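Enquirer: pasted the sequence and its predicted model underneath.
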Protein chains: 2
Amino acid sequence: MAVVALLALAVAGVLVREVLAAGQGTERMQNIARAVQQGASAYLARQFRTLAIFVILIPFLLYLLPAPSTGTAIGRSVFFIVGALFSALTGFIGMWLAVRGNVRVAAAARESGEKRAMRIAFRTGGVAGMITVGLGLLGAAIVVLVYRGDAPAVLEGFGFGAALLAMFMRVGGGIFTKAADVGADLVGKVEQGIPEDDPRNAATIADNVGDNVGDCAGMAADLFESYAVMLVASLILGKVAFGTEGLVFPLIVPMIGVITAVIGIFATAPRSGDRSGMSAINRGFFISAIISAVLVAVAAFLYLPSSFSELSGVSPQIASVTSDPRLIAIGAVLIGLVLASAIQILTGYFTETNRRPVRDIGESSRTGPATVILSGISVGLESAVYSALIIGAAVYGAFLLGFGNVTIALFAVALAGTGLLTTVGVIVSMDTFGPVSDNAQGIAEMSGDVEGEGAQVLTSLDAVGNTTKAITKGIAIATAVLAATALFGAFRTSVETELARASASVQGALGSFKVFSLSVDSPNVLVGLIIGASVVFLFSGMAIMAVGRAAGRVVFEVREQFRTKPGIMAGTELPDYGRVVDICTRDSLRELATPGLLAVLTPIAVGFALGYASLGAFLAGAIACGTLMAVFLANSGGAWDNAKKLVEDGHHGGKGSEAHAATVIGDTVGDPFKDTAGPAINPLIKVMNLVALLIAPAVVAYADNPGLRIGASLVAVGIVVGVVVISKRRSASIAPAEDRPADREPEQIPS
Amino acid sequence: MAVVALLALAVAGVLVREVLAAGQGTERMQNIARAVQQGASAYLARQFRTLAIFVILIPFLLYLLPAPSTGTAIGRSVFFIVGALFSALTGFIGMWLAVRGNVRVAAAARESGEKRAMRIAFRTGGVAGMITVGLGLLGAAIVVLVYRGDAPAVLEGFGFGAALLAMFMRVGGGIFTKAADVGADLVGKVEQGIPEDDPRNAATIADNVGDNVGDCAGMAADLFESYAVMLVASLILGKVAFGTEGLVFPLIVPMIGVITAVIGIFATAPRSGDRSGMSAINRGFFISAIISAVLVAVAAFLYLPSSFSELSGVSPQIASVTSDPRLIAIGAVLIGLVLASAIQILTGYFTETNRRPVRDIGESSRTGPATVILSGISVGLESAVYSALIIGAAVYGAFLLGFGNVTIALFAVALAGTGLLTTVGVIVSMDTFGPVSDNAQGIAEMSGDVEGEGAQVLTSLDAVGNTTKAITKGIAIATAVLAATALFGAFRTSVETELARASASVQGALGSFKVFSLSVDSPNVLVGLIIGASVVFLFSGMAIMAVGRAAGRVVFEVREQFRTKPGIMAGTELPDYGRVVDICTRDSLRELATPGLLAVLTPIAVGFALGYASLGAFLAGAIACGTLMAVFLANSGGAWDNAKKLVEDGHHGGKGSEAHAATVIGDTVGDPFKDTAGPAINPLIKVMNLVALLIAPAVVAYADNPGLRIGASLVAVGIVVGVVVISKRRSASIAPAEDRPADREPEQIPS
């Protein structure tokens, strides 16, 4: 296993060399690329410094939680750090190459044409994909090899480290990218009427940096996390179901995924017959999906016995299940693959320019921005329902494969998740393709050095990148939901184990065996459910608010630069790009703390204050509501984006018309929806489920100790409230002080 | 009891006479008022004709569902019709007087000043309040007097009739009012730059009609429904907990509510020391709340024994509970009253002009409409969380009063609901005050006959009306959640009873006693939860979409009239108001079918296809997600509305500035949020819980008959899908055909 993981990393190395060997274009292009590289590195460096405190502090807290043995407790803390480092590394390397690939793609478009440009862009993405699967598999493989039977507890630490860091990178990157993007659009396109990526706009470099730290580093870390967490959940459930033997198959599936991803990435080479770049990408995706399915079937027949009773170390209850484990495994993995394809089609329907929903939004632009917003929101709400139902059907289908046995059913859900994730290598590549081609387009535009056919090539690559970004978003949500559901299953298993132990230890005298039931018998359950759904609403609201605030500061800064340096507009003076990058960096790091702590501390507060049944309902509420909210936000945003493109393509009056202005407003509203709040919900639900899983034994142990419970929950609630209050105070002024007096009317608002 | 109910109706009669006796102002004012009256009556008449099919068909279907006896089955069907008629009557009478009160308020403002105008406006509202509580209590009292022990089953029919009709009135009225409002604003304010309520705008009469059919008829029916449903739930739970004696106290509390509402309505008379109209209204509200609390305490000591064991016909399990039932009852009712006050304060904080959230939205108008939309959405999302937590805390608090006994706990929740609803008389009055003063202002503006001080009086009354509307919305949500939770409890009780009966009938041979548990043991539960939350998303999306479509048609009609009748703008020609009223009527009636059927049929599909555990999770998901969504939509909308008012009051550039245009867009987006989708979620969750309660015995009975289950669910799913598809087809063209060629660019969108 570790060998396959290292193979993936080696492939990444080969791809890196190929990308770096490509030409870098003119000096102006290189200068711009360097500015983006510096901004991106500066941001990540500062972010890692900020997050270091968590990586240092949390292992100690983790160590205090109950564990099977001291060795596993130490391992859990150590592998928390490893998970966090791997997550950071995935994001860092992907981005490091993306900010170098972008200029090379632009240069290739200028010098050699579409095929070569596309090849470099996709190879750049391929590195991120290979790193993601390589590091994920490597970490899990090492843990299993070292700890064997005790692996699950240690893996919880590994998964939590990966998830926590990914969440911070997702939220921080999401705020950065959209603050810069929205700010740049508001002053540039709307106020000054200059095009996107115009070098006179002080926010353009920050915008390009943002694409990398958000879409590239953030998404790679997010998918790495899903990958790691999914492995963790399937190994935990596999261990429960089949003992140590249950650790083998969940590792074989992702190994297959690594191999097929390599094939998929190399298969993504444009051919002469292709209608657009999407054909090549789709080919890569479906080739790797089909090969995965075939190889999984082969592996199932090689590694799994034909009946459960042949498994050694299996509980008698499971040994009595008569169905064929090989068919169950194949079925589960297929469900995952079918789900990935279904999501791809559904997301396409709701966000592509030539389909009904986006055309309707375009149509509504004839009656102004308000109707654009309204139709986008209703499209998003509706699409969320279909995606949620498909994901729900996949979970249900996987569960049915358990044929009534809950343990097998949960394991099937986890396997469906790993099936979905065999495509993750290709998906990360597809996603990284987005910011790379977006940046290449930006660099070409800013330098003015790419013209004619080359410029056209980049525009079409940029459009392909938009589609791949939308699709990966949909699939990322599906992986997050499956991962969270599997973790939820692991949480439930853990609570039941602890309850059984607790009731055994009191010899049935005091505690009759408590069944873990999410029954309405207890008010806790409905209240837990409401709190779980609430966290999703609060988190989304905070993320959107953060972007609004940070974008406001960017607007004031850019306005200020236009005012104080009149030469900028004339083109005789360069704007100070660095200041905007600084503002975005500072603001996004400041804003990510509150939602981050919310995710970690609410499960603790609910678990200790209201008990394990509440905590279970809390997780269920968060998963159900989070799925819907994430799809709603992603698809509304995607639909608005493409409705704008539709108008820009000449419909309803084309560029510069009232309809265009209306869709630009829709697009701006959609930016934080689709790139900040929506994607951040994925790590949110995974982190909350992981935290619940980690504290489950403690929650059960303290169930009969009101003092400890109330103490722990008060501390958690106190921290959440404190952080929320502080963040409100700190952000009391949207505009920088020096901007206010000039801009503001004299009269004060009475309070 | 019936006597008190008749007393309420008598008071209503007295108030009607007082209102009608007032002067009606100039002839022009009377003409305008007459147009509004005709439009409103025409709409309601057509709506009732459309809905008649349900009122005729459903009783037969209801009759087919299992019932304790044939007598109760017939009673259930008959009282379904009674409930529907009462619901319709409440809406009709409230609106009938509102469209007559409006012109009298305008006339009073013109002739006698603020006090008199306010008095008439509030008395008009008082009629709606009295009718609501009078008819609600009357219906429930008759059922209990006639059917005694069998009352619960019959009450389900009564509640369902009230709820179903209210839902249709809410959705239809909501679509009508906002289609007219949004359409009028888009053409009038945005395109032509003419003020609101300008007689040259063909949509103004429809806008005024809409205020009445939406805010007045719709809200009155909604609150009547909450009132009826709450009574139904508390009587069912009371019967389960305490036998026939449990039917007494739940009826005494609303009796007290009637008495205090009368006092509250008469106490709402403006005094000379008042700062604004709100002082008088707040006085009325709090006086009636305090009197309610005192009277409930007295009643508890008069009618309840000091221990549960003194109750006759009580189960031994409950008789053994040692706590004092009187204190439990008083505590529960107090929780309801405190909840009403807390919601009032919280809603005020998030939507009032001089508080931080609205000021922040106002501030964001300096960077354009996109930031206004974003900040409004994040304010709404955040406020939803706090409201949901407060409501959750109230449910939790009421549950704790059960001291571990589930039956008593559920009854306490229902009592808290009735406590909340003792204020409903005053609340409906407060709410009806809104459209009446809004209309009065409109009539004054259109006629041009009210000037100087009179006009100012009407403007200030209109502002008060906006606040009362926002507050009643918050309280309506709280009542809906409590009513739904109590119904949920009744549903659970019913399932458990049926399960116990089923397992008893097979003599323990086949079925071991199945505990009703919402456990994750079954995938059904998580899937049910997701579907429940999905319905809320889908329903909201559909309602918003419907308004967008209907508003589009209004826009095209008004534009058409401006184009074909150039005399309108010059003031020499009158626009054809009737056509816009017609469009709104037709569209809203067409659009209400899909969401309505969705509410009725999804619980049936889930219940039969996935079973009772799924259905329970479905309801829980709908309640949790519905609470959040309803508050989010209501408060975002309210905050945008007041942010616009803030700018109009001279902040950030005042009327006509860029900031003002940005907030107008925000307000337009908020209109269907706060007045269509948001309020429609209340009846949605109540109807779904009622349907589940009605089908519970059948779902349990068919649990082991896959053929019947699958058949029933396929029919339900088929109808839902069919209706959705048909509604999509039918609405394929947003613009009327004749409008298209002229308006559209020649090139076609490639598909």
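Expert: Structure received. Note that the structure is predicted; figures quoted are calculated from it, not measured.
Enquirer: show me what contacts A:P575?
Expert: Going by Cβ atoms under 8 Å, 6 or more residues apart in numbering or on different chains, A:P575 touches A:199-202, A:558, A:561, A:565, A:568. All C-beta atoms are positioned from the backbone trio N, CA, C, and that covers glycine.
Enquirer: mind doing that once more with 10 Å?
Expert: Residues near A:P575 by Cβ atoms under 10 Å, 6 or more residues apart in numbering or on different chains: A:199-205, A:557-558, A:561-562, A:565, A:567-569.
Enquirer: ok, now how distant is the residue of the stretch 51-200 of chain A found nearest chain B from B:P369?
Expert: Nearest residue of the stretch 51-200 of chain A to chain B (Cβ to the nearest Cβ) works out as A:L186 at 5.5 Å. Between A:L186 and B:P369 the computed distance is 10 Å (Cβ to Cβ, to the nearest Å).
Enquirer: now list whatever residues contact both of the two.
Expert: A:664-665, A:668.
Enquirer: of these, which is the nearest to B:A463?
Expert: Nearest to B:A463 out of those is A:I665 (Cβ to Cβ; 28.5 Å).
Enquirer: from A:V558, how far out is that closest one?
Expert: In terms of Cβ to Cβ, A:I665 sits 18 Å off from A:V558.
Enquirer: what strand or helix carries the residue positioned nearest the centre of chain A?
Expert: Per Cα atoms, centre = their mean, the C-alpha nearest to the average position across chain A is that of A:D222, at 3.7 Å. Per DSSP states H and E, A:D222 falls inside helix A:219-242.
Enquirer: quick one: the helix or strand following that helix to helix A:219-242, angle?
Expert: Next in sequence after helix A:219-242, counting helices and strands by DSSP H and E, comes helix A:249-267. Here helix A:249-267 points in a direction 150 degrees away from that of helix A:219-242 (axes from the mean of the first three to the mean of the last three Cα atoms, to 10 degrees).
Enquirer: quick revisit: for the residue nearest to the centre of chain A, which residues are in contact?
Expert: A:87, A:90-91, A:132, A:162-163, A:166-167, A:169-170, A:173-174, A:428, A:431, A:472-473, A:476, A:479-480, A:679-680, A:682-683, A:686.
Enquirer: in helices, which of the residues you listed appear?
Expert: A:87, A:90-91, A:132, A:162-163, A:166-167, A:169-170, A:173-174, A:428, A:431, A:472-473, A:476, A:479-480, A:679-680, A:682-683, A:686 (DSSP state H).
Enquirer: tell me which of A:L186 and B:P369 has more neighbours.
Expert: Neighbour count, other Cβ atoms under 10 Å in any protein chain shown: between A:L186 and B:P369, B:P369 has more, with 31 against 25.
Enquirer: surely the more buried one and B:A643 touch.
Expert: No: using Cβ atoms under 10 Å, B:P369 makes no contact with B:A643, being 11.4 Å away.
Enquirer: shared neighbours, those two?
Expert: Common contact partners of B:P369 and B:A643 (Cβ under 10 Å, 6+ apart): B:659, B:662-663, B:666.
Enquirer: farthest pair within those?
Expert: Farthest pair in those, by Cβ to Cβ: B:A659 and B:G666, 10.6 Å.
Enquirer: quick one: which of those two has more around it?
Expert: Counting neighbours by other Cβ under 10 Å for B:A659 and for B:G666 shows that B:G666 has the greater number, 34 against 27.
Enquirer: so which strand or helix has the more buried one?
Expert: Per DSSP H and E, B:G666 falls inside helix B:658-672.
Enquirer: CA atoms of that helix as CSV?
Expert: C-alpha atoms of helix B:658-672 as CSV (Å, rounded to 0.1, in the frame of the first residue of the first chain):
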residue,chain,number,x,y,z
GLU,B,658,-27.4,55.2,-5.7
ALA,B,659,-27.7,53.8,-2.2
HIS,B,660,-31.4,54.2,-2.4
ALA,B,661,-31.6,52.3,-5.6
ALA,B,662,-29.5,49.6,-4.0
THR,B,663,-31.9,49.3,-1.1
VAL,B,664,-34.9,49.3,-3.3
ILE,B,665,-33.5,46.2,-5.0
GLY,B,666,-32.9,44.6,-1.6
ASP,B,667,-36.5,45.4,-0.6
THR,B,668,-37.9,43.9,-3.8
VAL,B,669,-35.9,40.7,-3.2
GLY,B,670,-37.2,40.7,0.3
ASP,B,671,-40.8,41.0,-0.6
PRO,B,672,-41.5,37.4,-1.6
